[in-house]
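K.L.:
what follows is a predicted structure for the sequence shown.
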Amino acid sequence: MAPPEPKLLPSGDGEERERANELDVELMRRIREGDFAAFEQLIGIHQRSVIGTVAKMLGNPSEAEDIAQQVFLRVWKSAGRYEPQARFTTWLFTITRNLVFNEVRRRQRKPTVSVQEREETTNRVVEDVQGSAPDEDLLRSEMEAAIDRAIEALPEKQRLAVVLRRYEEMPYEEIGVVLSMSVPAVKSLLFRARTQLKDSLQKYLDQ
């Protein structure tokens, strides 16, 4: 599975999203009949979103591809039970949620990288950038690293809600389905997450 390229987010137009979903549903119909070419096409459409989401959830891009492969393997195995009652992406990210949350909990039981080691890695990256980049680029790099750390520090449900809303532009209703929450609960969850993120990034916001 190729590493993800930077994603150009859709405009959010309802008709565009609906057309994309119709294609997903048609591909799943073909996958249910054993069409592997349709499966490869589906992966090509969604792998960057899945890998990007997993990477932001785990804070480790090098492991994101392994989890993403598991996600699509489950899509293939579950195709016979798929029913297009909601958008395909909602179903896809529900599978992603289950695998990511399982991995997060496994790490909590057996951490592989300490907070100190992550901070040391980030500091080395910043030092490397500082040696050659203009101040504006350095500040942008520091800000991006700080945002990643702040998101990673959120509780897992808040973290996934922020990632789906910020990077996937997913509507509140779909986030609610993915997280098994009502729309008001999702909005409350995101409000708490944004408050915590603002507090964590205050020193950058004050500059």
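P.N.:
Received it, and whenever you're ready, just let me know what you need.
K.L.:
so residue 77, which of the three states?
P.N.:
helix (DSSP: H, G, I helix; E, B strand; the rest coil).
K.L.:
number of nearby residues for it?
P.N.:
Neighbourhood size, residue 77 [other C-beta atoms under 10 Å]: 9. (Each C-beta comes from the backbone N, C-alpha and C, glycine too.)
K.L.:
pLDDT at it, what is it?
P.N.:
We have a pLDDT of 96 for residue 77.
K.L.:
need the contact list for residue 182.
P.N.:
residue 176 (C-beta atoms under 8 Å, 6 or more residues apart in numbering).
K.L.:
so residue 163 versus residue 101, what's the distance?
P.N.:
Separation of residue 163 from residue 101 (C-beta to C-beta, to the nearest Å) stands at 13 Å.
K.L.:
okay, these two: which has more neighbours?
P.N.:
Counted by other C-beta under 10 Å, residue 163 and residue 101 do not tie: residue 163 has more neighbours, with 22 against 14.
K.L.:
what helix or strand is the more buried one located in?
P.N.:
Using DSSP states H and E, residue 163 falls within helix 156-166.
K.L.:
how far does that helix sit from its chain's centre?
P.N.:
Distance of helix 156-166 from its chain centroid, counting by C-alpha atoms, centre = their mean, to the nearest Å, is 8 Å.
K.L.:
contacts for that helix, please.
P.N.:
So helix 156-166 is contacted by 53, 56-57, 93, 97, 100-101, 104, 151-152, 154, 170, 172, 174-175, 178-179, 181, 186, 189-190, 192-194, 196-197 (C-beta under 8 Å, 6+ apart).
K.L.:
now, of those, which are buried?
P.N.:
The neighbour-count test (16 or more other C-beta atoms under 10 Å) applied to these identifies 53, 56-57, 93, 97, 100, 104, 151, 154, 170, 172, 174-175, 178-179, 181, 186, 189-190, 193-194, 196-197 as buried.
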